[in-house]
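Asks: okay, here's the prediction I keep looking at, along with the sequence it came from:
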Amino acid sequence: MTMVELFINATGVGIGATLFMDLVAVIKKQVFNVPSLDYRLVGRWLGHMLQGQFTHASIAGAAPVPCERLLGWALHYLTGIIFAGLLVAVAGSAWLEHPTLLPALFTGILSVAAPWLIMQPAWGMGLAAANTARPWVARQRSLVTHLTFGLGLYITCLAFVKHL
């Protein structure tokens, strides 16, 4: 596989896995009333970062920024593409041609480091949501969501890569 093909495939897998994670989030909300992340807040965070402010006492209390919903969703999908790219960089084109579940799930588990170590502390929630009212609920939800992303990596690769 050429570098261009690897990039295209990793991008497609990242988008597909993120979409799968989002569809599961919609089902969890509809069936089990489990709230999902408001990506408007992700965009707000990014908007403030572009202005030089990286941390907040509470991201929900921070001033809104223009186009924050669009920014948030774009960063969300870009992050999915980046983690898919990391999986492909480590596992190689062989994984794209013959995907296996464990590397995909491991990537999902590794991806939970982003909210636990970067996003939640920057939003005023503390390391791994330690400053929230129910930190273990927040941690469990993040882990399940990111495992879902890992499953999405595997399913997307199985379904689409060989057809691209």
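Replies: Arrived safely, thanks for sending.

Asks: quick one: least confident helix or strand in this protein?
Replies: helix 93-97 (a mean of 92; mean pLDDT, DSSP states H and E).

Asks: which elements pack onto the helix or strand just after it?
Replies: Heading C-terminal from helix 93-97, the first helix or strand you meet, by DSSP states H and E, is helix 101-111. Where contact means 3 or more C-beta pairs under 8 Å, 6 or more residues apart in numbering; DSSP states H and E, helix 101-111 is packed against helix 68-91, helix 135-160. Every C-beta, even on glycine, is put in place using the N, C-alpha and C of the backbone.

Asks: then the least confident helix or strand of the chain to CSV, C-alphas only?
Replies: Provided in CSV are the C-alpha atoms of helix 93-97 (Å, rounded to 0.1, in the frame of the first residue of the first chain):
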residue,chain,number,x,y,z
SER,A,93,-0.9,-1.9,6.3
ALA,A,94,-1.2,-5.6,7.3
TRP,A,95,-3.8,-4.6,9.9
LEU,A,96,-5.8,-2.7,7.3
GLU,A,97,-5.7,-5.7,5.0
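
Asks: now do it: distance to the chain's middle.
Replies: A distance of 22 Å separates the centroid of the chain from that of helix 93-97, by C-alpha atoms, centre = their mean, to the nearest Å.

Asks: and for stretch 67-79?
Replies: Counting by C-alpha atoms, centre = their mean, stretch 67-79 comes out at 11 Å from the chain centroid.
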